[in-house]
Each structure stands twice: as structure tokens, then as C-alpha cells.
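*Asks:* coords please:
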Amino acid sequence: MTRFTICDDEPEHGRLIGKYIKTEYAKHVPETDIAEVVIYQSPQEMLDEAIEDTDIFILDIECGNVSGLDIAREIRRLKKNAGIVFCTSHSNYVYQVFGLTPIDFIRKNNIEKDIVQTMYNIMDFSKKKRKYL
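*Replies:* Reported below is the predicted structural model:
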């Protein structure tokens, strides 16, 4: 099982991303493996509850009045090798995320298509991570 934690202040986006994650994940792993998806609207609640058990974080870059970039920095501080994917409707952030070594970047206005490539990148990340453990 792989645990995905989504942090998005817009509940409908969180649910939609979760739905696509489950669908795409199932295409890449054996039937006995599943994607567990947990959705948070509060970055602080997510940081308090989800750090230890999460394999892949999917972060909204603008999560209310909190920057997803700041959330990612805190995740990196607490769990250095965590997988991070950014999701936003503002493409001007793309270049700002690279210093945080994300797995990928999902555009909210193109979730269904972007999630396909993102899942390939998540699978590659997971293989590399297992190789080093």
C-alpha cells in the first residue's frame, strides 16, 4: 500500500485529485496493492498527523493563506526523502518549486491528463527509493 496525502484548501480539488490518483495507481501496481488517499484542507493538521505515514505528498501551492512551498520545506525538514508533487492553477510557480526537488507538477486545469505522467514519475521515484532502502 502506498499512502498519498493531499493538502488542498479547495475540497473539490482534493477529492478530484484523490480519485485520479487511485485510478492511475491501480494501472501500475498488482491488484493486491492499493493507494490510500488522505485529504487535508489544513496544512498544519496535515503536518501534525500525516508526516510519518505518508509516502507521497500532493500539495496545493496556494493553500489558503499558507504557501505550499513553505509546507514542502517543512516536510523536507521532517522527512527528507518524502515524495512531493505540487498542484496549482498558477503556472507562474513552476520554476520556484525546483529547489524543493518535487516529483512533478500538476496543473489544476489539466488534472486528468497531468496525473497520467505524474503517476509514471511517482512509480520511478518509488522504485529508486526502494532501491536505496
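
*Asks:* and stretch 55-70, what's buried?
*Replies:* Buried residues in stretch 55-70, counted by 16 or more other CB atoms under 10 Å: 55-63, 66-69. Glycine gets a C-beta too; all of them are placed from N, C-alpha and C.

*Asks:* just put those residues in CSV and tack on pLDDT.
*Replies:* Shown next, in CSV, are the buried residues of stretch 55-70 (pLDDT from 0 to 100):
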residue, pLDDT
D55, 95
I56, 97
F57, 97
I58, 97
L59, 95
D60, 93
I61, 88
E62, 86
C63, 86
V66, 90
S67, 88
G68, 89
L69, 91
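
*Asks:* and these, which two are furthest apart?
*Replies:* Greatest spatial distance among the buried residues of stretch 55-70 (CB to CB): D55 and E62, at 23.8 Å.

*Asks:* contact partners of the helix or strand bottoming out on mean pLDDT in the chain?
*Replies:* Ranked by mean pLDDT, DSSP states H and E, the weakest helix or strand in the chain is strand 62-63, scoring a mean of 86. Identification of contacts with strand 62-63 by CB atoms under 8 Å, 6 or more residues apart in numbering yields 7-9, 43, 68, 71, 88, 90.

*Asks:* and if you look at stretch 113-125?
*Replies:* Residues outside stretch 113-125 that contact it (CB under 8 Å, 6+ apart) are 17, 20-21, 24-25, 27-28, 56, 83, 85, 103-107.

*Asks:* can you give me the buried ones in it?
*Replies:* 114-115, 118-119, 122-123, 125.

*Asks:* what's the answer for stretch 76-93, then?
*Replies:* Within stretch 76-93, the residues scored as buried using 16+ other CB under 10 Å are 79, 82-88, 93.

*Asks:* many thanks, have a good one.
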